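Participant: I'll drop the sequence and a predicted model, then ask my questions.
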Amino acid sequence: QLQLVESGGGLVQPGGSLRLSCAASGSTINYYTIGWFRQAPGKEREGVSYINMNSGIRNYADSVKGRFTVSRDNAKNTVYLQMNSLKPEDTAVYYCAASVQGMSLVDSPYRYWGQGTQVTVSS
């Protein structure tokens, strides 16, 4: 059974940076797409980015393009989300998830989910 654990969240000032990690265990993720999602209080969960662990194909939501970068380390079975130029509207719980059914910023293809890590952007 694939398990995902996010880490790296915290409190950061506007304009600051954080790097989130998504560490997988129980199975290799080399043939999965790993997505990053976030959910702010009172809002629906939204897709932020994804990366295909085999091809390296990646995509971003318009709201984070140019600020966030997703990367992979297949040897470590880990995916990273580098978040720069953070804004208060980036405040949310961030989740990583794994899909074998394709690449998407919509959450429906993702079967395995982590527990989430809180990111708070505030002065």
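Facilitator: Great, that's in hand.
Participant: now do the strands in the chain.
Facilitator: Counting by DSSP state E, the chain has strands at residues 3-7, 10-12, 18-25, 33-39, 46-52, 58-60, 68-73, 78-83, 92-99, 112-113, 117-121.
Participant: buried set for the first one?
Facilitator: Spelled out, that is strand 3-7. Judged by neighbour count using 16 or more other CB atoms under 10 Å, the buried positions of strand 3-7 are Leu4, Glu6. Yep, even glycine has a C-beta here, placed from its N, CA and C like the rest.
Participant: separation between the residue nearest the centre of the chain and Gly42?
Facilitator: The centroid of the chain falls nearest to Trp36 when counting by CA atoms, centre = their mean (2.5 Å). From Trp36 over to Gly42 the distance is 20 Å, taken as CB to CB, to the nearest Å.
Participant: hang on, the earlier thing: so who does the closest residue to the residue nearest to the centre of the chain other than its chain neighbours touch?
Facilitator: Excluding the flanking residues, the one nearest Trp36 by CB to CB, 6 or more residues apart in numbering is Val48, at 4.4 Å. Val48 makes contact with Gly35, Trp36, Phe37, Arg38, Tyr60, Ala61, Ser63, Val64, Phe68, Leu81, Tyr94, Leu105 under the criterion CB atoms under 8 Å, 6 or more residues apart in numbering.
Participant: isn't Ser17 right next to Leu86, touching?
Facilitator: Yes - using CB atoms under 8 Å, Ser17 is in contact with Leu86, at 6.6 Å.
Participant: quick one, which of these two is more surrounded?
Facilitator: Leu86 (22 against 11; other CB atoms under 10 Å).
Participant: burial measure for Gly47, as a count.
Facilitator: Counted with other CB under 10 Å, Gly47 comes out at 19.
Participant: i'd like the first residue to be 39 from this point on
Facilitator: Got it, first residue is 39 now, which makes that one Gly85.
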